[in-house]
Structures are given as C-alpha cells and as structure tokens.
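Enquirer: Okay, sequence plus prediction incoming.
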Amino acid sequence: MQSTNPIQRNKMKLNRRFSQRLIILIASMALLTLILIGRLFFLQVIRHENYTNQSQSNLLNIIPSAPSRGLITDRNKYFLAKNIPTYTLSLMSAGKDLLHDKITAIRHFIPISDKEELRFFRMLPHYRLYQPIPLKTHLTNVQLARYYVNRYRLSGTYIQSQMMRTYPEGDVTGPLIGYVGRINNHEANQINMNNYGAQPVIGKAGVEKQYEQLLHGESGHNELEINAKGEITQTLAKTPAKDGSTLTLTLDIKLQRLAQRILGKDTGAIVMLDPNNGDILAMASRPTYDNNLFSGGISHNDYQHLLNADGHPLFNRILQGQFAPGSTIKPFIALAALDKNIITTNTTVYDPGWFRIKGTKHIYHDWHLTGHGWVNVVKAIKLSCDVFFYHLVQLMGIHKLDDALNPFGFGQPTGVDLPREHAGLLPSPSWKKQTHGQIWFTGDTIETGIGQGFFLVTPLQLASAIASIATHGKRVVPHVLKSHTTPDGSIHLFEPKQLSPVILKHAWVWDTVIKAMQQVVEPKLHGTGHYFGSHRGFTVAGKTGTAQVYGHTRDEDRTRRNIPKHLRNNHWFVAFAPVKHPKVAVVVVIEHNAWADKKAGQLLRAYFAEHSHHEATS
C-alpha cells in the first residue's frame, strides 16, 4: 500500500480548515444580514410613522410673517399714524449656550447691547424651536451691509423686513393716538404670541391700544427647510399675512392743531365734540409728548424724563384729569330745580356777598365779595351767583342734588373708545361714610352745589354733559372712531351708542337755562364769560367755572400775582353753538390760570370761520 505524500496531507488539512472558516464566515454574515434586515424592518415598518414625524420636524419649520399695521387718519384722511420700512436681526431659537455663542459672534460685526441681549432671553420662552426671535431692531444701512458681508459666518441668523410706526403730527396728537412698543412679559401671557412672532410690538396707549385687534391684522407664515445649523435652505410654501385695517377717526386735525396752539404754555385741556353724534373733533392735553419717541424703542433716560417732567405729559387730562367743576355745574342744578318746581323763574334770593347755614357760624362767601343784590335763576347763571345756589341746594338736599346730576353722567365713565378713562366723583352720604367714615353735613351739600368739595369731573365727562343740554337731553357716548377699512376695501362705519335721554316734564325749562347761558358771554349784560369775545355769525351758550385749589378767595384777579402759581385757581369754560341747531360743544380747563373763556372763543370762531367758508364754496 502506497503511503500519502506529506505535502498532500498538509494541503488537505489546509483545505479543510479553510472550508470550516468559510462556513463560519458565511454563517456569521448571514446572521448579521438577518439582524440588519430585522432592524431595518423594525425601523422602516414597525416604527415608520414615529420616525417620519421626527424627520419632518427636524426638516421643516414654520416662520411667521408680519402683517402691515393699519394706518390711522383724521376725518379728512390726513395721516396721523403710518409705517416706514425697517430691518430686524433675528436669531433662530436653539439651546441657550449656543445662542450665547452666536450673540458673541454677532458682536464682532454689529453692536448688541446688554439690554438687547437681556430682552432677547426674556422673550425666548415664548418662541418655538427654530423660530426667529428679534435680537436687534432698526438696523442701520451700515449694519445691514456688515451683516450681509459676514453672513456666511453667522449661521442661524435671519434678517426680517418690518415696518416701523411713525406719527406725522407728533406731540399734537400724542396722548390721543398713543404709541406702540415691544411686548413685555405680562402682555405676552395675555395674547396669542403666534400672531406676534414676526413683529413683537403692541399698542400701549391711546387709539393704538384701544383698537389693537383691528390695527394689528393677522400674521402669515412661511414653511421653510432648515438644516442642522439652523440655516434656511429653501422656502417650501407661503401663507401671506392679512394686513390691519385703516382707521378713520372723528378728529379734525386742523382743530386739533389749533387747540394745542391755543393752550400754549398753559397746563390744561380742550375737548370739542359734535353733540348730535358724539364725534370728538379735537382733544388737546398739555403738556403733551411726541409719540415718535416710542417708535424705535424709547431710551431709559428719555422715558424717565417724561415720567418726571413738570405737568406729567404722559397724563391725559381729557380722560384722567379729575377736577372740581366749579360753577359749570350750576345750569344742571337749575334745570332740575325748575323742572321739579323747587323754584320758578320768579324766585329771587338776596345776595349780600355771603351765606350762613342757620345755627352755624361758618360763612360761605360769594365769589363777588359785595354780592349781587336780588337775583333770580337766570341772573344767577349769568353772573354765576354762589349765594343763590347756596340757598337752592340747601333747599334741595344732597339726595335731590345727586338725582339731578346723575342722569347727565356725572360720577360715571362716559364709555369713550379710549383706554384708562377715569369716572370722576359724584359724592353722596353713603360714599362719604364708606370712604371717610364720616356723616354727611349740610356744608358738604353747599360745597357740592357750586362744584367744590368732593365733587370731581373729567373734561370729557363735562363735555358730554354740556352736549346733553345743547340737544335738550339727548345723550350719546363720545367716540373717536368714525370708520375702519379692511384691506379688501370694505368700509365699516362706527355706530354711535345712544344712552337713556334726560327727560324733563317741562320743555320750556331747557330754553330758560340755555337763554341764561347765552347771557353769560354778553359783555353788555355783564356776563362772567365776557372774555369769550365776538361771536358774530353764530349764537353761543356758555358757562364759566372757577375751582379753588387753595383756601383763598375765588375772586383772585386783583391778587393773582401775589399767589404762587401752583396755588392759583383752575378755570373752566363750557359752551355749545349755534344755540338752536348745535354743531359743536367745547370744554376748556386751564390749571392755575384764567382765560378759559377767551381760549374757547378763539376755537369756536375758527371753527365757524372754516364752516362758513365751506358752506360758501359748496
């Protein structure tokens, strides 16, 4: 038997070992393949929906687009608020540490203040992941150029084109129009931030605040593809924003400018309205402020200056100023006393210049220290006789007095379509007991009867009340909105709200009191409003009022120069014209100075000069 060659034996041994290893390798590969197929099946089939959603979430992002804020015009379409283009640098929201690094990188090219960075991180919780958050607004052309040159170094940044608010009339309409500002944390918790993501500004005061919903519009959105660096790679779809409505106000800018000019350096307020429908034609408050200061974000120093300035310019005296009405209240008391037969036109009172409640020692003086002699109700209104009304309100008592004044809206907000209106104060025994813990005295009634003591009104409240006398009891809520026009051109007229009228049993009472008010402005009849001046071409009914600020005489003309200004009396004048078919009612209040009647005369003469011109040319 032939033996096997050793070389062959080694070869066969190697072949067997190779075959074994090959089998093991193939088996291992097969096993791994099965594992991979199983895992792939698990991911692609079993978990398909879950991972598809995650993939889309990482790939797509919805970026809001800002609507254009609605414009504001006066009744003759003169612009009071409009928009100019501006650019904002935004950062895609991401991890906080990453955002800090990005802001540091941006600072190499564009200055970012600590205040801007702090505001950015305060707003961060209100935004979704990969949503652009405004970092720096109102970029200059130089800053914009620097950004685009270095854009490749600033991943995750975004330039948004926005519109900045501007106010052509500035301080002429500041308190009325108000202003817009960046949304603070309190406001962010009260609104739908999805509608403000592209431009986080909101109305803060005046018309801008009152009609925020109409003016703001609705944000649109762009569906974008975002890469892992937070960079936009392409726009997949767009839903356009819906612009805000254009508001047309009842304001006449010519009258508004004149009212501000007439006030001059005096602290005070003027309001003029149409008594038939409540249209506010002018409302000037001085000192005032330029609302353009707020458009680009007011500086801390500028804001502190406004807060601490003499006269408090941010304080809208038309709505928030609460003053003792003085003798302007006397026609309202006379109406009720005549209508309820408490007095007649023949009732007379002797005025020696003073009055004393029976059984007391306190003396209540008339503004005219030597008195007015025998006085009936017409003469009492014309001369503003205090003693007559001391007797009258003592006869009426506080409850009848309140019943006479309440229907005209005293002690209640007028309901005007502007924010932060104050209600004034119509005092009563229950109010005094609750507020001061004291009983009501007859002396309180005496002071209330001449518009002093606890009694407080706002200029708008008094204008609304005097408008009711002009229209023989008609009451309409004052308003500043005339209409709004939506982006599609639809015009929506504002419907004035009618209130319960003041109804008198005797119609002649209106005529009697109004006739007395006409005599107030007649110098030949020695009316207290003789500084009103000429009213050739129109009839006018008015009433003066002096409200004591300090305990000196209300006949202060002779001693005014000796009294510090902040202690001088406040002066009112209320009026409406023409008498038979009234078109306007006006109220002027001047703090610590006189000539309210003179300023009212200037405004009404200008109104009727313009009105007569239009009639002549129409």
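Expert: Right, received. Where do you want to start?

Enquirer: Name the SS class of Arg257, please.
Expert: With DSSP: H, G, I helix; E, B strand; the rest coil as the basis, Arg257 sits in helix.

Enquirer: i'd like the first residue to be 156 from this point on
Expert: Sounds good: first residue 156 from here, last item Arg412.

Enquirer: List the contacts of it.
Expert: Shown in contact with Arg412 (Cβ atoms under 8 Å, 6 or more residues apart in numbering): 324, 327. Backbone N, C-alpha and C define where each C-beta goes, glycine included.

Enquirer: Toward the C-terminus, what is the element adjacent to the longest strand seen in the chain?
Expert: The residue-count maximum for a strand in the chain (DSSP state E) belongs to strand 234-247. Downstream of strand 234-247, the next assigned helix or strand under DSSP states H and E is helix 251-261.

Enquirer: helices or strands next to that next one in the packing?
Expert: Here helix 251-261 touches strand 234-247, helix 269-278, going by 3 or more Cβ pairs under 8 Å, 6 or more residues apart in numbering; DSSP states H and E.

Enquirer: Between the two ends of stretch 222-232, how far is it?
Expert: 22 Å (Cα to Cα, to the nearest Å).

Enquirer: Show me the chain divided up by domain.
Expert: With domains defined by automatic domain parsing, the chain comprises 241-317, 408-772.

Enquirer: and these, which one is worst for confidence?
Expert: Among the domains of the chain, domain 241-317 carries the lowest mean pLDDT, a mean of 84.

Enquirer: Strands of the stretch 556-705 of the chain, residue ranges please.
Expert: 630-631, 636-640, 646-648, 653-654, 696-702 (DSSP state E, counting those that start in this stretch).

Enquirer: Tell me which of the ones you listed sits nearest to Gly592.
Expert: Nearest of those to Gly592, taken as Cβ to Cβ: strand 696-702 at 25.7 Å.

Enquirer: Starting from that closest one, tell me the next helix or strand along the chain.
Expert: Strand 696-702 is succeeded, C-terminally, by strand 725-732 (DSSP H and E).

Enquirer: Can you tell me what sits against the following helix or strand past that next one?
Expert: Later in the chain than strand 725-732, the nearest helix or strand by DSSP H and E is strand 739-745. The contact list for strand 739-745 (Cβ under 8 Å, 6+ apart) reads 418, 421-430, 436, 472, 476, 478, 614-615, 617-618, 621-622, 625, 725-732, 751-752, 754-755, 758-759, 762.

Enquirer: hmm, back to that, with respect to burial, which of the helices and strands packed on helix 251-261 scores highest?
Expert: The highest average neighbour count among these, using mean count of other Cβ atoms under 10 Å, belongs to strand 234-247 at a mean of 19.

Enquirer: possible to save the domains of the chain as JSON lines with distance to Ser183?
Expert: As requested, the domains of the chain are exported to JSON lines (distance: least, Cβ to Cβ, whole Å):
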{"stretch": "domain 241-317", "distance to Ser183": "42"}
{"stretch": "domain 408-772", "distance to Ser183": "68"}
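
Enquirer: Tell me which of those sits most buried.
Expert: Greatest average neighbour count among these goes to domain 408-772 (a mean of 19), per mean count of other Cβ under 10 Å.

Enquirer: Please report how far the residue nearest the centre of the chain lies from Leu198.
Expert: Nearest to the geometric centre of the chain sits Gly361, at 1.8 Å (Cα atoms, centre = their mean). Per Cβ to Cβ, to the nearest Å, Gly361 is found 59 Å from Leu198.

Enquirer: same deal with Ser316?
Expert: Counting by Cβ to Cβ, the gap from Ser316 to Leu198 is 43 Å.

Enquirer: again with Asp643
Expert: Distance, Asp643 to Leu198, using Cβ to Cβ: 50 Å.

Enquirer: now do Met184
Expert: Counting by Cβ to Cβ - Met184 and Leu198 are separated by 21 Å.

Enquirer: now swap in Val362 and tell me
Expert: Look at Val362 and Leu198: by Cβ to Cβ, they are 58 Å apart.

Enquirer: What of Phe543?
Expert: 97 Å.

Enquirer: Could you say which helix or strand holds the closest residue to Phe275 other than its chain neighbours?
Expert: With sequence-adjacent residues excluded and distances taken as Cβ to Cβ, 6 or more residues apart in numbering, Phe275 is closest to Leu290, at 5.1 Å. Assessed by DSSP H and E, Leu290 sits inside strand 287-291.
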